[in-house]
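Enquirer: Predicted structure and sequence below. I'll ask about it afterward.
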Amino acid sequence: MENIFSKYACTIPDKLSLWELWHKTEANHDAFDFCGWFASNFEWGVLYILARDEKGFLSKEAVRRCFDGSLFEYCAKMRRDAAY
């Protein structure tokens, strides 16, 4: 995961914008694997929609929490803090 952010996070070092996320999925797909391309874009797109911050960036912490299973608690906390 560290390699993803060191290679593709150009705007802010520990966050990905939508364009950087798109660039990452385009750079890592196989030529004629349309199902894999769709699945990868769908997975990362849903993660971006669920866990982006108020400025439109996907943080490294959110991606890490997606892998360890605590993403929904993180999203609930972000939304609760934004409401107050």
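Expert: That came through, no problem.

Enquirer: can you pull the contacts of the spatially closest residue to Lys60 that is not a sequence neighbour?
Expert: Once flanking residues are discounted, Lys60 sits nearest to Asp14: 4.5 Å by C-beta to C-beta, 6 or more residues apart in numbering. (Glycine included, C-beta is placed from N, CA and C.) Residues in contact with Asp14 (C-beta atoms under 8 Å, 6 or more residues apart in numbering) are Phe5, Ser59, Lys60, Glu61.

Enquirer: So which of the residues you listed sit within helices?
Expert: Phe5, Lys60, Glu61 (DSSP state H).

Enquirer: ok, so of the residues you listed, who is nearest Asn41?
Expert: Checking the ones in helices among the contacts of Asp14 against Asn41 with C-beta to C-beta, the nearest one is Phe5 at 18.5 Å.

Enquirer: Verify the stated contact: the closest one with Glu20.
Expert: No. Assessed by C-beta atoms under 8 Å, Phe5 is found out of contact with Glu20, at 9.3 Å.

Enquirer: distance of the residue nearest to Lys60 from Phe42?
Expert: Asp14 sits 24 Å away from Phe42, going by C-beta to C-beta, to the nearest Å.

Enquirer: All the helices of this protein, in order from the start?
Expert: Using DSSP H, helices in the chain cover 2-8, 18-27, 34-51, 60-68, 71-83.

Enquirer: Now these in TSV, please, with extra columns for mean neighbour count.
Expert: Below are the helices of the chain laid out as TSV (neighbours: other C-beta atoms under 10 Å):
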stretch	mean neighbour count
helix 2-8	13
helix 18-27	15
helix 34-51	14
helix 60-68	15
helix 71-83	12
